[in-house]
Every structure is written in structure tokens, then in C-alpha cells.
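Chemist: I would like to see how this sequence folds:
(one chain, ligands or ions: 1)
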Amino acid sequence: MNREVMLVTGAGQISMAIARRLGFGKKIVLGDRKIENAMAIAKIMNEAGFDVEPFQMDLSHRESILAIIAEAQKYGEIRYLVNGAGVSPSQAPIEAILKVDLYGTAVLLEEVGKVIASGGCGVTISSQSGWRMPQLSAEEDRQLAMTPTESLLSLSLLQPQNIRDTLHAYQLAKRCNEKRVMAECVRWGERGARLNAIAPGIIVTPLAIDEFNGPRGDFYKNMFAKCPAGRPGTADEVANVAELLMSDRGAFITGSTFLMDGGATSSYYYGPLQPGA
Ligand SMILES: NC(=O)c1ccc[n+]([C@@H]2O[C@H](COP(=O)([O-])OP(=O)(O)OC[C@H]3O[C@@H](n4cnc5c(N)ncnc54)[C@H](O)[C@@H]3O)[C@@H](O)[C@H]2O)c1
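Modeler: You can find the predicted model right below:
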């Protein structure tokens, strides 16, 4: 078989919205740690005319990433990558956030970058959270960007004594995503492919609903109430940006992270969301 293949990780709302926008006519291989999530999304999409293969995989393990890549390659060259797998600060402990959101994403970008088709493109979902953390030093940014994947979790700034809580771990992971996208896009470019990230603000999905109901629920509700847009976003709005980044109209965009948060970050620095305001 030789089809255009879209590899999607994370059978969540954001992944599904992007896959529905861009995946029609392509073979979509959809991986999730919970196979029932992948099967549920595959059913919805297959009943709407898409061609989705659910696959059990765990983003925090290289062998699992290699397994889904091998599965995707059964159908043809991988031309599109959508990484929407992740855990949020209220869903997982520090180690799991670092292993999935930071290490797993870095390995996925590395491994898909070795096989991505010429003309292909990828998008990984980071988060506005990476913006709200103070600047790291130039050396720390470089370490997050360039450290070989198997050494990433040994970096001093990622050791338990240097991480305050799960939110801090999540922010570091999402900052790392942006830096990895910059470093990896150079290698993807050598294959004629592009790689970008989208950093959404609060998007209503099961993950965000866990946050609304978690220990920082009031903080999140306040965040969207006081951001310039005055509301949370939707997964389909994330797909709007993915459509630009992954289409020919985005041909000059690579190594970028596109912040789309209803202005929450702006308000955090210069508006009513400023700490203590
Ligand atoms: N929803 C938001 O407000 C928001 C905001 C900013 C960033 N994000 C990011 O968007 C991405 C997608 O989140 P979503 O809101 O669509 O969530 P979601 O809960 O709808 O989907 C996430 C999916 O990832 C899967 N997953 C978790 N750990 C995994 C692992 N180790 N291996 C494979 N799959 C795994 C989950 O089972 C789930 O199906 C995440 O990286 C999240 O950090 C979400």
C-alpha cells in the first residue's frame, strides 16, 4: 500500500480536530496510551468517512514510539505528524509530566524526523504555560534544545530539587517542546519537511475540564474570564492554526511556536491577570 499517512498521537479533542481538518483521504494512524480513547475517536471519524487505525502506544517510551512509526509506515510514507498526546499538571505527578510531555515529545520529534517524507510537516501541541514561566538562561534554553534525548531527564534544571510542583514541571516541559521544535526543524528541513508547535491557552477538552475541577480550578476560570477574549477556546480553533501551519500557505513557517491563548499571556504580563493585580 502507498498512501499519504498522518501519524497522530493522543486521541484527544485537539488531535481529533486537527485530524478531521487535514486528514481526509489520508491513512490516519492514531495512537494513545488508552486504546479505548483511540478506538472511540477512530469510530467517530470512520463513521464520518475518514480512515483511522487506532493503535495502543505510550509516548513516554521510545520503543512504543518506534512501534507506532513502524505501524504507520505499513501504509506508506509518513507525511504529517500531529502530537496531541500529553498530561496536564492536575492529571499526573512531576516525573510523569517530564517523561511524557518533555522526554516523549522530544523522542517523537527526533524519530519521526528520521523518516518524514519530503514535503511533509508536523505540529506538536505545547502550551501557553511555557510562556508564563520566567525566562531561562541562554545556556538552559540551549540544553533543552540540544541535549541528546536520552540525557534530557538528567539535566540539572529538571532534577526534583529544582522543580517546585507539577505546574512548574509542565511549564518546563512545554518550554522544552518549543526549543526542541527549533532544533529539530533544522534536521526536518534537511529532508524537505517542516515542524512547528502550537501553544494554546485554555481549550475546552477533557484535559482542561480536569484542570477546572482540580486544585487550580479557580485560577483557570479566572484566567479565561480576564483574558482579552473573555472565554476559553475550542479545539476547532486550534485546528484553524494547524491548517495554516500544515498547508502550503505555511510553507515559509518552520521552527515556530504559535501562541493562541485569547490574549491570556498578554494579560498576565500587562493586564488584569498580572499576579497581585
Ligand atoms: N486543553 C487545553 O486547555 C490545553 C492547553 C494547552 C495545551 N494543551 C496540550 O494539548 C495536548 C492535548 O491535550 P487535549 O486538551 O486535547 O487533551 P485530551 O485529554 O483531550 O487528550 C490527551 C490524550 O493524550 C493521551 N495520553 C496521555 N498520556 C499519554 C501517553 N503517555 N502516551 C500516549 N497518549 C497519552 C490521553 O490518554 C488522552 O487521550 C496536551 O499536550 C496538552 O498539554 C491543552
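Chemist: next, the buried residues of stretch 126-140.
Modeler: Ser126, Ser127, Gln128, Ser129, Gly130, Trp131, Arg132, Leu136, Glu140 (16 or more other Cβ atoms under 10 Å). Just so you know, the C-beta spots here come from the backbone N, C-alpha and C atoms, and that holds for glycine as well.
Chemist: hmm, the third one is touching Gly262, no?
Modeler: Yep, that's Gln128 we're talking about. No - judged on Cβ atoms under 8 Å, Gln128 makes no contact with Gly262 at a distance of 9.2 Å.
Chemist: how about stretch 142-162: buried residues?
Modeler: By neighbour count with 16+ other Cβ under 10 Å, stretch 142-162 contains the buried residues Gln143, Leu144, Ala145, Thr147, Thr149, Leu152, Leu155, Leu158.
Chemist: and it, how far from the chain's centre?
Modeler: 19 Å (Cα atoms, centre = their mean, to the nearest Å).
Chemist: end to end on that stretch, go ahead and measure it.
Modeler: This stretch, stretch 142-162, spans 18 Å end to end (Cα to Cα, to the nearest Å).
Chemist: give me the below-cutoff pLDDT ranges for the stretch 1-150 of the chain.
Modeler: 1 (pLDDT under 70).
Chemist: make it 90
Modeler: 1-3, 90-91, 130-132, 134 (pLDDT under 90).
Chemist: can you list the residues of it near the ligand?
Modeler: 9-14, 32-34, 37, 57-60, 84-88, 100, 125, 127 (Cβ under 6 Å from any ligand atom).
Chemist: just the residues you listed: which are in helices?
Modeler: Among these, the members found in helices (DSSP state H) are Gln13, Ile14, Asn37.
Chemist: can you report how many residues neighbour the second one?
Modeler: A total of 27 residues lie near Ile14 under the criterion other Cβ atoms under 10 Å.
Chemist: so what's it up against?
Modeler: Gly84, Ile125, Pro200, Ile203, Thr205, Ala235, Val238, Ala239 (Cβ atoms under 8 Å, 6 or more residues apart in numbering).
Chemist: make TSV from those residues and add distance to Met246, neighbour count and secondary structure to it.
Modeler: Below are these laid out as TSV (distance: Cβ to Cβ, whole Å; neighbours: other Cβ atoms under 10 Å; DSSP: H, G, I helix; E, B strand; the rest coil):
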residue	distance to Met246	neighbour count	secondary structure
Gly84	13	27	coil
Ile125	13	26	strand
Pro200	16	26	strand
Ile203	18	25	strand
Thr205	20	23	coil
Ala235	15	21	helix
Val238	12	26	helix
Ala239	10	21	helix
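Chemist: which of the residues you listed sit farthest apart?
Modeler: Farthest pair in the contacts of Ile14 (Cβ to Cβ) is Thr205 and Ala239. Separation: 12.4 Å.
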